[in-house]
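Student: return atomic coordinates for the entry below.
(2 chains)
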Amino acid sequence: MSEDASRETAQPYHWIGRNVTKPDALEKALGATEYVGDMVVPGMLHAKILWAGTPHAVIRNIDTREAARAPGVAAVLTAADVPGTNRYGLAVLDQRALADDKVRSAGDALALVAAEDEEAAEEAVAKIKVDLEPLRPILTYKDALDPDGPPIHEGGNVFQHTTVRKGDLEQGIAESDVIVEDSYHTHRMDHVPMEPEAGLAYVDPSGVLNILVGTQYPYRDRRQIAPALDLPMNKVRVVQAPIGGGFGRKDDITAEIHVGLLALKTRRPVRLVYTREESLIANTKRHPMAMSFRTGARADGRLTFLDGDIYGDTGAGISLGAYVIKKAGIHATGPYDVPNIRVDTYTLYTNNLVSGAMRGFGVMQAAVAHESQMDQLAHKLGMSPLEFRIKNCLKPGLASSTGQLMNEGCGIEATLQRIKDYMNARDLRFKRSQAAS
Amino acid sequence: MKQRYALRVNGGTRETEAEPHESLLDVLRENLRLTGSKKGCNEAECGSCTVLLDGRPVVSCLVLVPDAVDREIVTIEALAEDGEPHPVQRQMVEQGGVQCGYCTPGMIMSAYALLQENPDPTDEEIRFAISGNICRCTGYGKIVKAVRAAAEEMGNEGT
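Tutor: Numbers count the residues shown, from 1 in each chain, chains lettered A, B, ... in the order given. Next up, the predicted model:
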């Protein structure tokens, strides 16, 4: 094997390459770990949520009187019972703990019930009467871009427009011998962590609201919970409970504000455990994106330009959507050197379920488009898709779409060379076995 | 209406009151406080509630309490003996088969049931035995490795 300069040599690391036993693995294997849904505290109430179940509507009235009289019920709460701002969101405070003026997605919570057991809470939820006036739902990219469509939030349905510009697009097009134009759609995807969302809250004797939750970020949770419930920051303590998988979705608020509010109102510990169905309905997803790409190359196989648009459906809340979708634009050229670029991204509000962080954070969606383009271009040029990628991949000294210099390389060439070596060796083995037989 | 049930759980008899339509999983978790068996979906898709019923692995969310009467129920809590983890448990830890841990008890029960019946399974047999248990973290490779290592460890103990 040749010692190619681009093959970075592995440095000796302290931990990388070693087996490390996770400190909490044994208690998990014994079945002793208590996730929030396994926890029980004396006097604990059980919570259930009334979900909107419809994408867009004006809330005329929510009648909780009958539910409040149901046996075993300790509290039935709506937005009117929230003492603070009722708002939360990782980047923009555009989500409501409990829907107030409007329903913006089927996963909006309309009311909360705390009762002596889950069945009583469920029965009470069924007794809440809701009067909704349906609005035209914004469900597609086209709906969201329609200037006559009803705005989901103040400020319209196009939340953010970002651009990536590099080189001279017209020149890149003029230099191209082949051009591929296509559009790609990726779907909404759930992380499906094995543990459905859960929270347990209680007010301790010093008046601090304690919230146990399998979260990815307790301090950012606290910064969202305190103002939503009108508490000073030092009166909210978020305890990181064991987390049964997150993959990005537990970055966002899940059960925190709901159990916190119920504990404040009832002065009793309250536990809320989502069913799998609720987890699928109510929590963040991977952003669906619609991408239109035009990509060119010269006859010698060098990429010349990318001209593209990316539309991301963030649902009824931004969560981290503006960053995810912007990132898809930044990564629209993938790990390849493209001298001339025009990419525009649009973060769109819709009445679909909220999308947020998920492993890969927008890069995966872009990869669907740029890798499909690479295959199509290689086919048109009559080149091997692998050689085409090796020729165009970022190498030390080259810059990314946004001008970041790859001063220590970025590993892609070494990776592709390894794949090539592997495939060549496999082909050789196959040929030898054919010859032998 | 609630009825009394005597369940043979983990070598003892536990008396409890439950509605006849309640699942074995709910009774184990809520009434008997055996919360090692997890509720990941409550509809027999994920396997995180797997327990043994007369030696066979079952998803306990789909077993009604009356159907578990007079049968031998074994849960994850009973696998360790005198504080010593079962080889499957130990190898899941050592081979890195545990990440978030939520699927782990059900996964271990399926693997344990397999090794009771087949002490020297192939990787394919291991994969088939845990095919009803979903894991979202590991990609299964290290779990299969752990079950194989446990089989080897148990084989060595026997000789």
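Student: burial of whichever residue of the stretch 151-300 of chain A sits closest to chain B, as a residue count?
Tutor: Across the stretch 151-300 of chain A, no residue is closer to chain B than residue A:244, which sits at 3.3 Å (CB to the nearest CB). Where C-beta positions appear, they are placed from N, C-alpha and C, glycine not excepted. Counted with other CB atoms under 10 Å in any protein chain shown, the neighbours of residue A:244 add up to 30.
Student: next: the one 4 residues further on.
Tutor: Neighbourhood size, residue A:248 [other CB under 10 Å]: 21.
Student: the one 10 residues further on now?
Tutor: By the measure other CB under 10 Å, the count of residues near residue A:258 is 24.
Student: touching, it and residue A:112? I think so.
Tutor: Yes. The pair residue A:258 / residue A:112 is scored as a contact, 5.6 Å apart, by CB atoms under 8 Å.
Student: between those two, which contacts overlap?
Tutor: A:47, A:49 (CB atoms under 8 Å, 6 or more residues apart in numbering or on different chains).
Student: can you give me the helices for chain B?
Tutor: Assigned by DSSP state H, the helices in chain B fall at B:24-26, B:65-68, B:87-94, B:104-117, B:123-129, B:141-158.
Student: compare the mean pLDDT across the ones you listed and name the weakest.
Tutor: When those are compared by mean pLDDT, helix B:141-158 comes last with a mean of 92.
Student: and the angle for that one with helix B:87-94?
Tutor: 140 degrees (axes from the mean of the first three to the mean of the last three CA atoms, to 10 degrees).
Student: so what's the gap between helix B:141-158 and the chain middle?
Tutor: Centre-to-centre, helix B:141-158 and its host chain are 17 Å apart (CA atoms, centre = their mean, to the nearest Å).
Student: tell me the buried residues in it?
Tutor: By 16 or more other CB atoms under 10 Å in any protein chain shown, the buried positions in helix B:141-158 come out as B:142-151, B:154.
Student: are that helix and chain A in contact anywhere?
Tutor: No. Using CB under 8 Å from any CB of the partner chain, we find that helix B:141-158 stays clear of chain A, coming within 9.3 Å at best.
Student: give me the phi and psi for the residue of the stretch 151-300 of chain A closest to chain B.
Tutor: Residue A:244 adopts backbone torsions of phi -90, psi 60, taken as degrees, to the nearest 10.
Student: what does residue A:413 give?
Tutor: phi -70, psi -40.
Student: give the contact list for it.
Tutor: A:6, A:390, A:393-395.
Student: enumerate every residue touching the nearest residue to residue A:423 once chain neighbours are set aside.
Tutor: Leaving aside its sequence neighbours, residue A:423 sits nearest to residue A:386 (CB to CB, 6 or more residues apart in numbering or on different chains; 7.4 Å). Residue A:386 makes contact with A:416, A:419-420, A:423, according to CB under 8 Å, 6+ apart.
Student: repeat the analysis, applying 10 Å as the threshold.
Tutor: A:378, A:416-417, A:419-420, A:423 (CB atoms under 10 Å, 6 or more residues apart in numbering or on different chains).
Student: which pair of those spans the longest distance?
Tutor: Farthest pair in the contacts of residue A:386 (CB to CB) is A:378 and A:417. Separation: 17.1 Å.
Student: ok, those two, which is more surrounded?
Tutor: The neighbour comparison of residue A:378 against residue A:417 (other CB under 10 Å) goes to residue A:378, with 22 against 18.
Student: would you mark the buried spots in the strand or helix carrying the more buried one?
Tutor: Taking DSSP states H and E as the criterion, residue A:378 maps to helix A:363-381. Buried positions in helix A:363-381, judged by neighbour count with 16+ other CB under 10 Å: A:364-367, A:369-370, A:372-374, A:376-378, A:381.
Student: with stretch B:66-79 instead?
Tutor: So stretch B:66-79, judged by 16+ other CB under 10 Å, has buried residues B:68, B:71, B:73-79.
Student: again with stretch B:130-139
Tutor: So for stretch B:130-139, counting by 16+ other CB under 10 Å, buried means B:130, B:132-138.
Student: same question for stretch A:382-401.
Tutor: In stretch A:382-401, counting by 16+ other CB under 10 Å, buried: A:383, A:388-394, A:398, A:400-401.
Student: domain parsing for chain B?
Tutor: B:3-78, B:87-158 (automatic domain parsing).
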